[in-house]
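S.K.: Give me a model of this one.
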Amino acid sequence: MQALNDYLEVNKERFLEELLELLKIPSISADSAYQNQVAETAEFIKTKLIAAGAENVEVCPTKGHPIVYGEKLVDKNLPTILVYGHYDVQPPDPLDLWDSPPFEPIIKKTERHPNGAIFARGACDDKGQLYMHLKAFEGMMETNTLPCNVKFMIEGEEEIGSVNLGAFCKANKEKLACDVILISDTSIIDNDTPSITTGLRGLTYLEVEVTGPNRDLHSGTYGGGVANPINILSKMIASLQDENNHITIPGFYDDVEVVSIEERKAMNQAPFNLENYKNELNIDAVQGENTYTTLERTSIRPTLDVNGIWGGYIGEGAKTVLPSKAFAKISMRLVPHQNSDKIFELFKKHFESIAPSSVKVVVTPHHGGEPVVVPTNSIEYQAAHKALETTFGKAPIPQRAGGSIPIVALFEEVLGVKSILMGFGLNSDAIHSPNEHYGLFNFYKGIKTIPYYYKYYTELKK
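M.R.: Residues are numbered from 1 along each chain as shown. Predicted coordinates:
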């Protein structure tokens, strides 16, 4: 591995410059105004895959944004690793909370990243982590150290629920055939404490619309006599959780996995300082479901959160209006055994039932995904454990994550293989938020670690 490590060290500045160029492209999949930039990003990835040594590289059209595919098949008798990542990013709003423009990447030192971090939308989620794989692959190709077959499937719709990925996988099962799927779209505990994600929460994401009168009304002339949809919506949302932060939707907890006392105890042995957590977020207290710790609330318990709410007049100055409509976007994170479609139906039925007759309610699904638990006794996991232990100098900690990657369950269902979630970001890297960033330490550590995964996985499969 010495020749490979030497190559990676010599070319590290070029790797960074290429990533900065990638981060300049606003590949916002949720906004149709950026369709051309999303397509441009797919072409960028295609070009870099070809330059790295991949073959049969193509930009595959879908009903939405394209998927980039490439491969290097060295021997049919060797195992095949499928690398999954996504090149699309979240919208950068609110722009006024960014310290620097979201698509003009800059490098700054921070307390968590004393060696510097790249500040840009997509730096950590997922362009920076995706690009680690391209550069690790390039290094293995250039030093003739690729020990197995590799395929790449890089999509442009993860941030909008991977709406066309399932159809692509079903239509290309033979092309995508592999032994394991390697994903870097998660985090480690901190730069001194490596970890491997062994669980992800599922997701049900929806939008609600509450309609009162057939037009906006004068709040003086009609106020007090006609239902205000914003008031009604606020009360309805508030009723979805009780005083113990327990979700009140009937049947919501029926299928929730009961995690053993032993596993909960082990989970809380992970390094975590509550005071540092609060200070980092500038909050005076944490909040959540009673009788559970913060680590448990953000990993093994389901949630319900309002992601956006609007209606009426929100421009400058005053407008005394009683609005016709009010809207909210709501997400629910799910835990093992909960089903995203079932939870949507439970929510819809309950939300419609609590609406007063003075308004009309419409509940519309957006996207969702199922929760996942990764076994720790598999060859796939053992290879990741050895790889991280090699580059960090200490054994990684298995840890369930609070986020969702809906396609992980889909991969297992359609392709019949497990995924390994070997991410290198930090929870403090502000993904989906203003000032998203990714540490240079983490970027380079990922590039160095990934080839060890290939090495150990190939050895363990023999």
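
S.K.: And the pLDDT for the nearest residue to Lys461 once chain neighbours are set aside?
M.R.: Once flanking residues are discounted, Lys461 sits nearest to Pro79: 4.5 Å by C-beta to C-beta, 6 or more residues apart in numbering. Glycine gets a C-beta too; all of them are placed from N, C-alpha and C. Per-residue confidence (pLDDT) for Pro79: 98.

S.K.: again with Gly369
M.R.: Looking at Gly369, its pLDDT is 89.

S.K.: Burial check on it, number of neighbours?
M.R.: Neighbour count of Gly369, defined by other C-beta atoms under 10 Å: 22.

S.K.: Verify the contact between it and Glu412 for me.
M.R.: No. Between Gly369 and Glu412 there is no contact under C-beta atoms under 8 Å: 11.8 Å.

S.K.: what about Leu19, which helix or strand?
M.R.: Per DSSP states H and E, Leu19 falls inside helix 12-23.

S.K.: Pull out the buried positions in that helix.
M.R.: Of all the residues in helix 12-23, those buried under the rule 16 or more other C-beta atoms under 10 Å are Lys12, Phe15, Leu16, Glu18, Leu19, Leu20, Leu22, Leu23.

S.K.: remind me which residues of this structure are low pLDDT?
M.R.: Scanning the chain for pLDDT under 70 picks out no residues.

S.K.: for Gly393, what are its contacts?
M.R.: Counting by C-beta atoms under 8 Å, 6 or more residues apart in numbering, Gly393 touches no other residue.

S.K.: follow-up on the earlier one: tell me how many other residues surround the residue nearest to Lys461.
M.R.: 19.

S.K.: dump the residue contacts of it.
M.R.: Contact partners of Pro79, counting by C-beta under 8 Å, 6+ apart, are Cys148, Asn149, Asp179, Val180, Tyr457, Thr458, Lys461.

S.K.: go with 7 Å
M.R.: Cys148, Asn149, Asp179, Tyr457, Thr458, Lys461 (C-beta atoms under 7 Å, 6 or more residues apart in numbering).

S.K.: How about Val335?
M.R.: Applying C-beta under 7 Å, 6+ apart, the residues near Val335 are Arg201, Val256, Glu257, Ile300, Arg301, Pro302, Pro371.

S.K.: ok, those vs Thr248, which is closest?
M.R.: Of all the contacts of Val335, Thr248 sits closest to Pro302, with 12.6 Å by C-beta to C-beta.

S.K.: How much space separates Glu158 from Asp126?
M.R.: Taking C-beta to C-beta, to the nearest Å as the measure, Glu158 falls 7 Å from Asp126.

S.K.: Comparing the two, which shows the higher neighbour count?
M.R.: Neighbours were counted for Glu158 and for Asp126 using other C-beta under 10 Å; Asp126 has more, 28 against 25.

S.K.: got a list of what that one touches?
M.R.: By C-beta under 7 Å, 6+ apart, the contact list for Asp126 reads Gly85, His86, Asp185.

S.K.: quick one: the first one is in a strand?
M.R.: Yep, that's Gly85 we're talking about. Yes. If the criterion is DSSP: H, G, I helix; E, B strand; the rest coil, then Gly85 is within a strand.

S.K.: For it, which non-adjacent residue is closest in space?
M.R.: Leaving aside its sequence neighbours, Gly85 sits nearest to Leu130 (C-beta to C-beta, 6+ apart; 3.4 Å).

S.K.: Wasn't the one you found part of a strand?
M.R.: No. With three-state DSSP as the criterion, Leu130 is located in helix rather than a strand.

S.K.: Touching, it and Glu155? I think so.
M.R.: No. Using C-beta atoms under 7 Å, Leu130 is not in contact with Glu155, being 10.2 Å away.

S.K.: what touches both of those two?
M.R.: His86.

S.K.: what touches both of Glu158 and Asp126?
M.R.: With C-beta under 7 Å, 6+ apart, Glu158 and Asp126 have common neighbours His86.

S.K.: count of residues packed around His246?
M.R.: Counted with other C-beta under 10 Å, His246 comes out at 13.

S.K.: Can you list the strands that the host helix or strand of Met153 pairs with?
M.R.: Element membership for Met153, per DSSP H and E: strand 149-155. Using DSSP bridges, strand 149-155 pairs in its sheet with strand 67-72 (antiparallel), strand 80-86 (parallel).

S.K.: Ok, which of the ones you listed comes nearest Leu165?
M.R.: Among the strands paired with strand 149-155, strand 67-72 comes nearest to Leu165, with 7.1 Å by C-beta to C-beta.

S.K.: residue boundaries of the helices in this protein?
M.R.: Assigned by DSSP state H, the chain shows helices spanning 2-10, 12-23, 35-52, 127-142, 165-171, 229-238, 261-267, 274-281, 294-297, 340-353, 379-392, 407-414, 440-461.

S.K.: And those: which comes nearest Pro434?
M.R.: Per C-beta to C-beta, nearest to Pro434 of the helices of the chain: helix 274-281, 13.7 Å.

S.K.: Name the residues that touch that closest one?
M.R.: For helix 274-281, using C-beta under 7 Å, 6+ apart, the contacting residues are Asp284, Val286, Thr294, Ser428.

S.K.: Restricted to strands, list these.
M.R.: When strands are assigned by DSSP state E, not one member of the contacts of helix 274-281 lies inside them.

S.K.: so which of the residues you listed would you say is closest to Gln37?
M.R.: The nearest member of these to Gln37, counting by C-beta to C-beta, is Ser428 at 27.8 Å.

S.K.: Dump the contacts of Asp126 to JSON lines, plus neighbour count and distance to Ile447.
M.R.: Converted to JSON lines, those look like this (neighbours: other C-beta atoms under 10 Å; distance: C-beta to C-beta, whole Å):
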{"residue": "Gly85", "neighbour count": "23", "distance to Ile447": "14"}
{"residue": "His86", "neighbour count": "28", "distance to Ile447": "18"}
{"residue": "Asp185", "neighbour count": "25", "distance to Ile447": "16"}
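
S.K.: got a list of what Asn427 touches?
M.R.: Ser187.

S.K.: and if we set it to 10 Å?
M.R.: When contacts are counted by C-beta atoms under 10 Å, 6 or more residues apart in numbering, Asn427 is found next to Arg112, Thr186, Ser187, Ile188, Ile189, Asp190, Tyr277, Glu280, Thr298, Ala401, Gly402, Gly403.
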